[in-house]
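Student: I would like to see how this sequence folds:
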Amino acid sequence: QHYYITNNLRMIEFLLVCNKTGAVRVSRSYTTRPLPDPRSILHDCLKRNSPSQCPHFLTMDGSEEVRIIFRQYASLFFVLGVSPDDNVMAHFAFIHNLVETLNSYFSNVCELDLMHNVDRAHMILDEIVVNGFVTESNRSRVLAPIAILDKTVDKVS
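Tutor: Here you go, the predicted structure:
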């Protein structure tokens, strides 16, 4: 399955995968800016998650430079920091593609999978995003190098 979303995306500044309490399970920063506090981001996201307000993106307080896009899947929050003028729907498609790829590898990804296999989660993310730009969205191409690595590790064991 192919997702053609790379033409509409600019740079992703950071990605956080957190649980409901704000504990970071996977994080990656693509700029030199310090990462924001995930607990405050999740608090703002949950606070603004009402039908009268746009539930899935917000601008960080005091910073018009970063738009926070978030999506909840089960008990995990996927949080992106992007430019304010980026295509929000393209980033939602990226998050969905990332979750589907993680689901394919972990067979229904959950927080424990990310905690115990954080190296594999980072490898999957690094296959999809390079220097803040989405470079690959084909699930089988993303998972192929990791499958080869898994076979190599199984042979050594």
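
Student: Helices of this structure, residue ranges please.
Tutor: Ranges of helices within the chain are 38-47, 88-106, 111-116, 118-128, 139-156, based on DSSP state H.

Student: so who does Arg39 touch?
Tutor: Thr21, Gly22 (C-beta atoms under 8 Å, 6 or more residues apart in numbering). (C-beta placed from N, C-alpha, C; glycine too.)

Student: how much space is there between it and Leu16?
Tutor: Distance of Arg39 to Leu16, given as C-beta to C-beta, to the nearest Å: 11 Å.

Student: swap in Val109?
Tutor: As judged by C-beta to C-beta, Val109 and Leu16 stand 15 Å apart.

Student: cool, and Gly22?
Tutor: Here the criterion is C-beta to C-beta. By it, Gly22 lies 9 Å from Leu16.

Student: next one: Leu35
Tutor: Here Leu35 is placed at a distance of 7 Å from Leu16 (C-beta to C-beta).

Student: what is in contact with those two at once?
Tutor: Joint contacts of Leu35 and Leu16 (C-beta under 8 Å, 6+ apart) are Ser27.

Student: More neighbours: which of the two?
Tutor: Leu16 (23 against 16; other C-beta atoms under 10 Å).

Student: I'd say the more buried one and Ser29 touch.
Tutor: No - applying C-beta atoms under 8 Å, one finds Leu16 not in contact with Ser29, separated by 9.2 Å.

Student: where do the contact lists of these two overlap?
Tutor: Leu35.

Student: picking that back up, joint contacts of Gly22 and Leu16?
Tutor: By C-beta under 8 Å, 6+ apart, Gly22 and Leu16 have these common neighbours: Pro38, Ile41.

Student: returning to what we had before: do you know which of the helices of the chain lies nearest Phe78?
Tutor: helix 88-106 (4.8 Å; C-beta to C-beta).

Student: So for the closest one, what gets flagged as buried?
Tutor: 88, 90-95, 97-99, 101-102, 105-106 (16 or more other C-beta atoms under 10 Å).

Student: what about the chain, any weak spots by pLDDT?
Tutor: Residue ranges of the chain with pLDDT under 70: 1-10, 48-64, 157.

Student: again, only this time at 80
Tutor: Residue ranges of the chain with pLDDT under 80: 1-10, 33-38, 40-66, 84-85, 154, 156-157.

Student: Show the contacting residues for Val118.
Tutor: Per C-beta under 8 Å, 6+ apart, neighbours of Val118: Arg25, Val26.
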